[in-house]
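Asks: Dropping a prediction and its sequence here:
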Amino acid sequence: MFDLFRSRAKAVRIFLGAILLLVAAAMVITLIPGFGGADFGANAQTLGEVAGEPITIAQVRETVQQLAKQGRVMSPSEMSSLYPVAFQTLVQERALLYEAKKLGFDVSDQELALMIRQMPTFSPGGQFIGLEQYRMLLEQNGTNPAQFEANVRKQLITNRLSAIVARSVVVSAADIDAALHERNDKVALEYAYIEPEKLLSQVTPTEEQVKHFYSQVGNKTRVPERRDFDVVRVSLERAMEGFRVSPEEIQAFYNANMDQWSVESQLDLQHILFTTEGKTPEQKAAALKKADEVLAKLKAGGDFAKLAAEYSEDQSNKDKGGELGVVVRGQTVPAFEKAAFALQPGQISDVVETEYGYHIIKCKTRQEARVKPLAEVREQIASSLAQQKAADLVQSTAERLHDAVQANPSQLAEIVAKEPLAQISSFKDIAPNMSAGNIAGNTPLMQEVSTAPEGDVTNVADVGGGAMAFAVIRKFEPSREATFEEARGRVEEALRNQMAGALAEKKLTEAKEAVDSGASMKTVAQHAGLTYGTAAPFTRITAAEGIGNAGEVYKAFDVKVGDTLPPFRSASRMYLVRVTSRTDANLAELAPEREELRKQLSAVKSQERVELYISGIQERLQKEGKIKIDTQRLTTLMQAGTGGGL
């Protein structure tokens, strides 16, 4: 509960892309934070352009990272599948923005300012934080007002066009009827299944069959592209060893940064809360009466922690005696802050009203504002200065070595040997998205290595632990079709799986013929060595018990009771299914659901309409030659993400 009446300072630390998502919240398509904003430099590798606006490799990689942040933690191979999505997203964003501007959509400076001032991060408690704080906040998150405001403006413009397109959607009564049937019609099943994997022992392909299968598989069996390269790493630990910070430097830093050593007034508080949010005037009056009664008990010597546990409605801390911990100014709503900071240690406030309810506050301890003396922060300053100096040295050393190696790649060993902070590590046969030593495959350095040609020297990149590194590509082997001997193991395994699947399908087909002739599914299953089961009634949008949500199972809604479906696979099993009962939805009984369903269908159809509209824009711009794609470079980037294999 306390988090509800703290200010939103914590949200400030969230990456500002989340703020941009707030701008686009009304849209029915997803826009990636910061699209079209970052300038990746004139030398950035361009994958394509939309109406003159470039799409670079760096932008695609940044978009992949943003997409990945929206879900669970992903493996490098899973992240690689996001590259086509990221590129297409950037193309569509630029296409939609181009169309919006062409149609005259725009956002005035006043509208832009109003939108930004309405963002909770910049206006906690409804009060704008001020231009200087706004600028500092953006800079702390790696951007600036011009870039951030340009991104917000773009999203507002596309938002307006998308909203107009979405409003053209109409949901008919027939659409609602169909959706009600989809959600409420039910069928029940009986089934028999077999696991093809358990039949592997019964299949042994001949040499001729394996070779024939290999010839059919063809380029599906590939050896992924590989690179040999050297990584030049400049170590922060080595740089730190040589640094000593003088007392004069420490004193100068202390004097120049006095604001850093200021400690605000701090209170260690407890409170008891009687909530009033969403309550009627009568209920609020009752809450105030209860607060007054509890305050009287406290003044009579009652134990604050026990009374908080008994009466407080702040579920986050009532069992802890109402403990709020340390609070500083600006961290709570104004009324709470004013009352709390008027207290001395041991004092209890009168009943305090805030937008959350009635509070009784106790001050446990109080620490007045002060400035930390130099003696208290000396070690902290020394460590910080040494690390900053070392980091600057690492950066400059890495860049100096990079420039020297780029000018004379053949002299790599000699150049690095003269630098005590650097070392060379060599790697061989590294495929895209593979790690190189302790450098993960999804780091910026390895992502650049994955697309770099032979002889290239990559950019300097942070590889963790404060170290900076770059790579020199010594050898590149393109992806190629595997030889028979290289692919034999995978080919034979795939063929055996195929043969086992065919054998399983044969068994189920024979079982189907018997069931269709009138035999009991359960009896047939027992005789054929199949596993028998039943699925309770389910709808088109729920899973079938024991089978799951395989698409084929929903064909049961298209046949009559008593019919069997052709054998199909779901996960590791193959099924034979027979419909045992069917219940159609009673639309009259479901009438109360129609309005809510209409809203849901409208949202879905709106998104589909916008997606179709954007696709139409993209197709038209392609025909007009306004979308240009470097197919070779894009293919290289995609292959770097997907690798190869059967």
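Replies: Right, received. Where do you want to start?
Asks: now residue 412, nearest residue through space, not along the chain?
Replies: In space, and not counting its chain neighbours, residue 412 is closest to residue 405: 5.4 Å by C-beta to C-beta, 6 or more residues apart in numbering. To be clear about C-beta, it is placed using only N, CA and C from the backbone, and glycine gets the same treatment.
Asks: Just confirm the one you found is within a helix.
Replies: Yes. Assessed with DSSP: H, G, I helix; E, B strand; the rest coil, residue 405 lies in a helix.
Asks: neighbours of it, just the number please.
Replies: Counted with other C-beta atoms under 10 Å, residues neighbouring residue 405 total 20.
Asks: Correct me if wrong: it contacts residue 230.
Replies: No. Using C-beta atoms under 8 Å, residue 405 is not in contact with residue 230, being 9.1 Å away.
Asks: okay, and the common contacts of the two?
Replies: Among the neighbours of residue 405, those also in contact with residue 230 (C-beta atoms under 8 Å, 6 or more residues apart in numbering) are 412, 472.
Asks: tell me the contacts of the residue nearest to residue 412?
Replies: By C-beta under 8 Å, 6+ apart, residue 405 lies in contact with 232, 411, 412, 415, 416, 457, 470, 472.
Asks: can you name the two of the residues you listed that are farthest apart?
Replies: Within those, 411 and 470 form the most distant pair, 15.0 Å apart (C-beta to C-beta).
Asks: higher neighbour count, the two?
Replies: With neighbours defined as other C-beta under 10 Å, residue 411 and residue 470 compare such that residue 470 has more, 25 against 12.
Asks: pretty sure the more buried one is in a strand, no?
Replies: Yes. Going by three-state DSSP, the assignment for residue 470 places it inside a strand.
Asks: and it, what is it in contact with?
Replies: Listed by C-beta under 8 Å, 6+ apart, the contact set of residue 470 reads 231, 232, 398, 401, 402, 405, 445, 457, 458, 459, 460, 461.
Asks: Run a quick neighbour tally on the first one.
Replies: Which is residue 231. Neighbour count for residue 231, taken as other C-beta under 10 Å: 21.
Asks: Compute the distance between residue 624 and residue 51, please.
Replies: Here residue 624 is placed at a distance of 9 Å from residue 51 (C-beta to C-beta, to the nearest Å).
Asks: Where do the domain boundaries of this protein fall?
Replies: If you go by automatic domain parsing, the domain ranges for the chain are 2-168+622-642, 186-221+484-583, 226-245+376-477, 265-368.
Asks: hmm, back to that, which of residue 624 and residue 51 has more residues huddled nearby?
Replies: Legend: neighbour count by other C-beta under 10 Å for residue 624 and residue 51, higher for residue 51 (16 against 9).
Asks: Pop out the phi and psi values for that one.
Replies: phi 50, psi 40 (degrees, to the nearest 10).
Asks: Repeat that for the one 3 residues further on.
Replies: Dihedral angles phi and psi of residue 54 (degrees, to the nearest 10) take the values phi -80, psi 150.
Asks: okay but it is in contact with residue 90, surely?
Replies: No. Using C-beta under 8 Å, residue 54 is not in contact with residue 90; the gap is 9.9 Å.
Asks: Who has more neighbours out of those two?
Replies: The neighbour comparison of residue 54 against residue 90 (other C-beta under 10 Å) goes to residue 90, with 24 against 18.
Asks: got any ranges where the chain has weak pLDDT?
Replies: 1-44, 70-78, 218-220, 242, 638-646 (pLDDT under 70).
Asks: Is it correct that residue 423 is in contact with residue 416?
Replies: Yes. Using C-beta under 8 Å, residue 423 is in contact with residue 416, at 7.2 Å.
Asks: which neighbours do those two share?
Replies: Shared contacts of residue 423 and residue 416, defined by C-beta under 8 Å, 6+ apart, comprise residue 232.
Asks: Over to residue 364: give its phi and psi.
Replies: Dihedral angles of residue 364 (phi, psi; degrees, to the nearest 10) stand at phi -80, psi -50.
Asks: How many residues are close by it?
Replies: Neighbour tally, residue 364, other C-beta under 10 Å: 17.
Asks: surely it meets residue 345?
Replies: Yes. In this structure, residue 364 is within contact of residue 345 by C-beta under 8 Å, at 6.6 Å.
Asks: distance of the residue nearest to residue 412 from residue 239?
Replies: Taken as C-beta to C-beta, the span from residue 405 to residue 239 is 19 Å.
Asks: ok, now residue 362?
Replies: For residue 362 relative to residue 239 (C-beta to C-beta), the value is 51 Å.
Asks: Also residue 543?
Replies: Separation of residue 543 from residue 239 (C-beta to C-beta): 57 Å.
Asks: More neighbours: those two, which one.
Replies: Between residue 543 and residue 239, counted using other C-beta under 10 Å, residue 239 has the larger neighbour count: 23 against 13.
Asks: Could you list every helix and strand in contact with the helix or strand where that one lies?
Replies: Per DSSP states H and E, residue 239 falls inside helix 236-241. Under the contact definition 3 or more C-beta pairs under 8 Å, 6 or more residues apart in numbering; DSSP states H and E, helix 236-241 sits against helix 374-407.
Asks: any idea how far the helix it packs on is from the chain center?
Replies: Taking C-alpha atoms, centre = their mean, to the nearest Å, one finds helix 374-407 lying 33 Å from the centre of the chain it belongs to.
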